[in-house]
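**Student:** I would like the atomic coordinates for the input below:
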Amino acid sequence: MAEPYNEHIQQLIRLTREMMVLADFGDRDRIDPNCGVLYGSLRDAAYKLRSDAERERSRHFQAGTWDIDDDNDQKDNKPTVATEDQ
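**Tutor:** The predicted structure is shown next:
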């Protein structure tokens, strides 16, 4: 079982993927420019958070405290935001 501090980082990375998907759907379906600004802000925040979380994950890995097998996590990296088919 992974340490909670690593699980939280991994969960944050997953959340940023969901944020990016939501920004894409929102931008695609927006009805005015103000919505575009809103979804652009969401996308920017997602990229910043993802970058910070990946940097922290690398620090944990280099320190030998990262205990999550990222290869096994790939199946969980799919966004959970509703798609058009749902």
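**Student:** Tell me where the model's unsure across this protein.
**Tutor:** Residue ranges of the chain with pLDDT under 70: 70-86.
**Student:** Give me the most central residue, it.
**Tutor:** By C-alpha atoms, centre = their mean, the chain has its centre lying nearest to T16, at 1.9 Å.
**Student:** Okay, and that residue sits in which element?
**Tutor:** T16 is part of helix 4-29, with elements assigned from DSSP states H and E.
**Student:** Likewise for R59?
**Tutor:** Counting by DSSP H and E, R59 is part of helix 33-63.
**Student:** Specify the angle between that helix and helix 4-29 in degrees.
**Tutor:** On the basis of axes from the mean of the first three to the mean of the last three C-alpha atoms, to 10 degrees, helix 33-63 is oriented at 160 degrees to helix 4-29.
**Student:** Who are the contact partners of H8?
**Tutor:** The contact partners of H8, taken as C-beta atoms under 8 Å, 6 or more residues apart in numbering, number zero. For the C-beta atoms, the positions are set from N, CA and C on the backbone; glycine is no exception.
**Student:** same question, D27
**Tutor:** By C-beta under 8 Å, 6+ apart, the contact set of D27 is 35-36, 39-40, 43.
**Student:** Check the spacing between it and H8 real quick.
**Tutor:** Distance from D27 to H8, counting by C-beta to C-beta, to the nearest Å: 28 Å.
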